[in-house]
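# this one's structure only:
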């Protein structure tokens, strides 16, 4: 669902506010509202802008700072480290498989005057399509339901690259007649299946520009029959009850949030060895090292989590809002066996219970909006978090947003605990908690939008390869016991001249570390030059232009399909190659049509473009699609 970033009407809102003689009034666009878990409100936006061009992709959002793998629905290389979020509680792991996974903060709730439908379609690399269908309706002014499904199938251009993903979402929100009780609830069922080919064996073949290898299936890959599968179901409730009258100057409210989630990750591989043949010789290797089985690897990881948050808030018209709460977080990650090794025992289960108490203060008046959250564990994990945010708007078009975080966060479960049929991939670690301090300052002005971020992390956790030759992937978790500091400056500005515009985004990044454990490109650029105009008595709105994307070369993290994660490497740099896309987009009533020639310069430049070492970036291809809204 496309969203507007303000509460003002979308650019074409007049289409919904006409009143004809002797007919009921048509609903206004302001009556089609979207709510988040934080109860922020936006309205449906059916306009066509260059921002919609950036968001017309599988993730349905602007992916500046993310570099997609060759096939749709696989992983993304993170170019902008500032996109990472920090949380006190540990996650399951397998981070590279979660880009398309929708968390509670990604869910939307609705209030609509009439039933609303949105259909999204986009072509893929070959043999498949990407679809997202959505419908929402209010059965009454106080009760809304929505149901949606996003499906993807794409064969890809390389051997063993099939992607088959699905996201089912159901939401409801309700307010009782006296407006004291509010409910938001959703259910999601999500699955992501990917062929995992381990990348191409000989990058020289890819870079040779030999016509035989232009047919990408002729490039040898490490795994011809390996697959990964992530599945998750979630039940979520967020509700509150006002003990006082909603018209009172002060409100006392009881709060409760519940989240139960089950996840399952599986890595299957029938043939373990890869024979690498050159003109002079051939050698057979096990890319992931020695294993306890000769064939038919089937590693399965199961994960359950349950989260409850109970609280009470006091809201005063002058003093602001005070919230006091307690959180109970429980997780269990487990396998179907206990592994007895010569020097250690890997148990079948890794679980923990975390109890925290906290408080939140919010103040919103005039041009000032501030929030402070403090939490501390009562259990023995020694976790704490301080989160401060202040937004100040002045002179109508100037906004300053300051955000500070200081926290300790537990390692994700795959760092602490892992089992596999591959010998190297078995561990039961006791790492220290990471200590994070993060400052982000964002300034929005008519001249430029700029964001500066400074992050310091002590006891930084990462994966790296223990094979110095990098012929095999013997990847294990490590902890850097010193500090890693990260700084970034991002600037955005659009210049317009009559029907033409130049939209620019620049990201500068720098790290300070005694050992290289965090790699980022120093510079990331995106520039779009485009033309916009109405045609056929304004029945058609057209945008066409060229987008240039570039990032400087660096030792990008490599991808490990068994762990579903990226790991640090210092063998091969990627980057330093330009990417040009040509697009033509059109809007006819509530239908937006998209046509794009992606990476068209690859057909006449050198083949040195990669998403990760051994994983080439996408070749030139033509793709098209549509987003169509129906207001019944």
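On my side now, so go ahead. Owing to the predicted nature of the structure, the values given are computational and were not obtained by experimental measurement.

# tell me, what residue is most central in the chain?
The chain has residue 99 as the residue nearest its centroid, 4.3 Å off, counting by CA atoms, centre = their mean.

# Setting the sequence-adjacent residues aside, check what's closest to that one.
residue 76 (5.1 Å; CB to CB, 6 or more residues apart in numbering). Using the backbone N, CA and C atoms, a C-beta is placed for each residue, glycine as well.

# Could you report the neighbour count for residue 507?
Neighbours of residue 507 under the rule other CB atoms under 10 Å: 24.

# Touching, it and residue 78? I think so.
No - assessed by CB atoms under 8 Å, residue 507 is found out of contact with residue 78, at 11.9 Å.

# Overlap in contacts, those two.
Contact criterion CB atoms under 8 Å, 6 or more residues apart in numbering; residues shared by residue 507 and residue 78: residue 65.

# wouldn't the residue nearest to the centre of the chain be in contact with residue 73 here?
No - here residue 99 lies out of contact with residue 73, judged by CB under 8 Å, at a distance of 9.1 Å.

# I figured residue 490 was touching residue 450, is that so?
Yes - applying CB under 8 Å, one finds residue 490 in contact with residue 450, separated by 6.8 Å.

# Neighbour count: those two, which is higher?
When residue 490 and residue 450 are compared on other CB under 10 Å, the one with more neighbours turns out to be residue 490, at 20 against 16.

# residues near residue 398, how many?
In terms of burial, residue 398 registers 14 neighbours under the definition other CB under 10 Å.

# repeat for residue 465
Here the number of neighbours of residue 465 (other CB under 10 Å) works out to 21.

# and the nearest residue to it once chain neighbours are set aside, how far is that from residue 185?
Taking CB to CB, 6+ apart as the measure, residue 465 lies nearest to residue 475, with 5.3 Å between them; neighbours along the chain are not counted. Residue 475 is 39 Å from residue 185, where distance means CB to CB, to the nearest Å.

# which residues does the residue nearest to residue 99 contact?
Counting by CB under 8 Å, 6+ apart, residue 76 makes contact with 63, 66, 67, 68, 69, 96, 99.

# what sits opposite it in the beta ladder?
With DSSP bridges applied, residue 76 shows beta-bridge pairing to residue 68.

# Which pLDDT value belongs to it?
pLDDT, the model's per-residue confidence, is 98 for residue 76.

# likewise the one 5 residues further on?
Residue 81 is assigned 97 on the pLDDT scale.

# residues near the closest residue to it other than its chain neighbours, how many?
Beyond its immediate neighbours in the sequence, the residue positioned closest to residue 81 (CB to CB, 6+ apart) is residue 520, lying 5.1 Å away. Residue 520 is flanked by 24 other residues according to other CB under 10 Å.

# ok, now the one 3 residues further on?
Residue 523 is flanked by 15 other residues according to other CB under 10 Å.

# Enumerate every residue touching the closest residue to it other than its chain neighbours.
Spatial nearest neighbour of residue 523, excluding adjacent residues (CB to CB, 6+ apart): residue 552 at 4.7 Å. Applying CB under 8 Å, 6+ apart, we find residue 552 in contact with 521, 522, 523, 524, 575, 576.

# Look up how far residue 414 lies from residue 434.
Separation of residue 434 from residue 414 (CB to CB) stands at 14 Å.

# Which one of the two is surrounded by more residues?
Taking neighbours as other CB under 10 Å, residue 434 and residue 414 compare with residue 414 leading, 25 against 20.

# tell me which residues of stretch 52-72 are tucked away?
52-58, 60, 62-72 (16 or more other CB atoms under 10 Å).

# Can you tell me the closest non-neighbouring residue to residue 508?
For residue 508, the nearest residue in space outside its immediate sequence neighbours is residue 489; the separation is 4.8 Å by CB to CB, 6+ apart.

# Got the phi and psi for that neighbour?
Note on residue 489: backbone dihedrals following degrees, to the nearest 10 are phi -140, psi 120.

# What number of residues are in the vicinity of it?
As a burial measure, the neighbour count of residue 489 was computed by other CB under 10 Å and equals 15.

# who touches it in this structure?
With contacts taken as CB under 8 Å, 6+ apart, residue 489 has the following neighbours: 450, 451, 452, 453, 507, 508.

# which parts of the helix or strand that contains the last one are buried?
Counting by DSSP states H and E, the element that carries residue 508 is strand 500-512. Judged by neighbour count (16+ other CB under 10 Å), strand 500-512 contains these buried residues: 501, 503, 504, 505, 507, 509, 511.

# again, but for stretch 344-351
In terms of neighbour count (16+ other CB under 10 Å), stretch 344-351 has its buried residues at 346, 350.

# Buried residues, stretch 376-383. List them.
377, 381, 383.

# Give me the contact list for it.
With contacts defined as CB under 8 Å, 6+ apart, stretch 376-383 is touched by 88, 352-358, 375, 384-385, 407-410, 433.

# let's see it at 10 Å
Applying CB atoms under 10 Å, 6 or more residues apart in numbering, the external contacts of stretch 376-383 come out as 88-90, 326-329, 352-359, 375, 384-386, 407-410, 433.

# Which ones among those map onto strands?
In this view, the contacts of stretch 376-383 that belong to strands under DSSP state E are 326-329, 352-359, 375, 384-386, 407-409.

# Show me just the buried residues among these.
Judged by neighbour count, with 16+ other CB under 10 Å as the criterion, the buried members of these are 327, 329, 352, 354, 356, 358, 375, 384, 385, 407, 408, 409.

# Farthest-apart pair in the residues you listed, please.
The most widely separated members of those are 352 and 358, with 18.5 Å between them, by CB to CB.

# Nice, that's everything, thank you.
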